[in-house]
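Novice: structure for this input, please:
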Amino acid sequence: MRYSKIIKGLCAIFIVMISGQINAQDTETENEIKDLSAKKWQWMADKEADKLAELFHDKAQFVHMGGSWGKEQEVQIIKTGGIWYKKADIHKVSADIIENTAIVLSTITLLAVVGGNEVSHDFIVTEVYVKEDTSWKLANLSFVNQLTGGPGEH
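Specialist: Presented below is the predicted three-dimensional model:
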């Protein structure tokens, strides 16, 4: 009887330790994805098309206010300055991990140059990343114009 209580107690401690490690791993992965997302915004601002081409999945889709297209067109738009993502002020960001998929939801104010005109919009942005081997690839980037609430509210 006494030994069964000890074994049950040890099992409970073991389960708590394991779940703490799993939560720590999730937090580490979430932070990794948030950092990658922030780097992506900087690469877009710096027009680093080669780094972005490496990050973007070959089947990636990009959804903007003016349309949607794939990886090659997005890389060309950035490279040629068709859209210059000049500065993204990130107000709020969250990351959820589902197996080998990461979903990043951000509220941003984007300062961009489009067709030679500087514009600023508040957006809710969804980024979907998939893990291939050991690296994350951006599979989808979608912008939704924020019509209600202030920056950082979603």
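
Novice: distance of the residue nearest in space to the middle of the chain from residue 74?
Specialist: By C-alpha atoms, centre = their mean, the chain has its centre lying nearest to residue 104, at 3.8 Å. Per C-beta to C-beta, to the nearest Å, residue 104 is found 17 Å from residue 74. Yep, even glycine has a C-beta here, placed from its N, CA and C like the rest.

Novice: before we move on, the earlier item: what's the spacing between the residue nearest to the centre of the chain and residue 96?
Specialist: 8 Å.

Novice: show me where pLDDT drops low in this structure?
Specialist: Across the chain, the ranges flagged by pLDDT under 70 are 1-26, 148-154.

Novice: let's see that with 90 instead.
Specialist: Per-residue confidence of the chain (counting by pLDDT under 90) places the weak regions at 1-27, 64-67, 81, 115, 146-154.

Novice: and the strands in the protein?
Specialist: Ranges of strands in the chain, per DSSP state E, are 56-64, 67-70, 83-98, 101-114, 117-132, 135-145.

Novice: buried deepest among those, which one?
Specialist: With neighbours taken as mean count of other C-beta atoms under 10 Å, the strands of the chain reach their highest mean count in strand 101-114, at a mean of 18.
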